[in-house]
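Chemist: I would like the atomic coordinates for the input below:
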Amino acid sequence: MHPHRRQALVLVLMMGIVALLAQVAGVAGTKAPRAAGGPAQKTLAVIPGGSVPDLGSTKLESATIKAGEGDAIRMRATASVRATALPKRAVAQVVCGIRYSRAGDASWSLGTPYETVQLKTKRATEKVTIERSFTAPASDTYRMSVACHVASPSTGATVTGSGGMRAAVGLPSGAATPVE
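Modeler: Here you go, the predicted structure:
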């Protein structure tokens with residue numbers, strides 16, 4: 001065997017061994033990594049006829065903030081939903097909203113701000129943005145989360161979603177100050 005062919009054969013064998021060891025060690029794989037910092041996609045729960053997000057809805061993201069009595073608390077929720085499976089001639093109704101409470105009084109709420117969107121075709125996407133603010137009734141920790149679910153159809157629709165939840169204390173710069 002010529003020296004060049006022998007060297008090429010040894011090189012191919014060494015590359016095969018290194019590739020095998022890399023697979024065993026988990027260095028390489030077939031699954032593409034998720035983009036760094038990108039939101040995770042979750043399959044949304046199905047709550048037939050559910051018009052407002054509740055405990056059964058899929059929580060996409062949450063935030064916690066401490067505020068003093070009388071502070072303005074601003075909330076901004078975003079959700080991106082996508083139909084991955086949809087029965088023929090069906091429209092998926094997806095409800096997304098902000099659930100919020102305070103640590104010192106778990107039953108406290110001013111309601112659940114929400115939006116309903118329709119996904120008319122498979123692979124249809126919609127983005128939902130909800131912004132609300134309120135005055136903190138007490139010095140406490142406030143928790144909020146963006147949650148979504150499929151309200152209809154009751155079967156056959158699969159919708160995935162990702163979201164973001166932001167909270168801030170105080171009015172934005174340039175905002176008018178309320179007069180009492």
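Chemist: since we're on Ser55, how many residues are nearby?
Modeler: To be clear, residue 55 is Leu; Ser isn't right here. Residues lying near Leu55 (other C-beta atoms under 10 Å) number 9. (Glycine included, C-beta is placed from N, CA and C.)
Chemist: quick one: the helix or strand of the chain with the lowest mean pLDDT to chain centroid distance?
Modeler: Ranking every helix and strand in the chain by mean pLDDT, DSSP states H and E puts helix 3-25 at the bottom, with a mean of 74. Centroid displacement of helix 3-25 relative to its chain, using C-alpha atoms, centre = their mean, to the nearest Å, is 44 Å.
Chemist: got it, and stretch 87-100?
Modeler: Computed by C-alpha atoms, centre = their mean, the chain-centroid distance of stretch 87-100 equals 14 Å.
Chemist: And that stretch, what's buried?
Modeler: Judged by neighbour count (16 or more other C-beta atoms under 10 Å), stretch 87-100 contains these buried residues: Ala90, Ala92, Gln93, Val94, Val95, Cys96, Gly97, Ile98, Arg99, Tyr100.
Chemist: same question, stretch 158-178
Modeler: Val159, Thr160, Gly161, Ser162, Gly163, Met165, Ala167.
Chemist: Who does the second one form a beta bridge with?
Modeler: I take that to be Thr160. Thr43, Arg82 (DSSP bridges).
Chemist: Pretty sure it sits against Ser80.
Modeler: No - checked against C-beta atoms under 8 Å, the pair Thr160 and Ser80 is beyond contact range at 9.1 Å.
Chemist: quick revisit: tell me the one of the buried residues of stretch 87-100 nearest Ile130?
Modeler: Ile98 (5.7 Å; C-beta to C-beta).
Chemist: can I assume the closest one sits in a strand?
Modeler: Yes - secondary structure of Ile98 (DSSP: H, G, I helix; E, B strand; the rest coil): part of a strand.
Chemist: From Leu60, how far out is the closest residue to it other than its chain neighbours?
Modeler: Nearest residue to Ile98, sequence neighbours excluded (C-beta to C-beta, 6 or more residues apart in numbering): Ala77, at 4.8 Å. Using C-beta to C-beta, to the nearest Å, Ala77 is found at 8 Å from Leu60.
Chemist: which one of these two has more residues nearby?
Modeler: Counted by other C-beta under 10 Å, Ala77 and Leu60 do not tie: Ala77 has more neighbours, with 31 against 25.
Chemist: In this structure, what residue spans correspond to strands?
Modeler: For the chain, the strands defined by DSSP state E cover 42-43, 45-46, 58-67, 72-85, 92-102, 114-119, 125-135, 140-152, 158-169.
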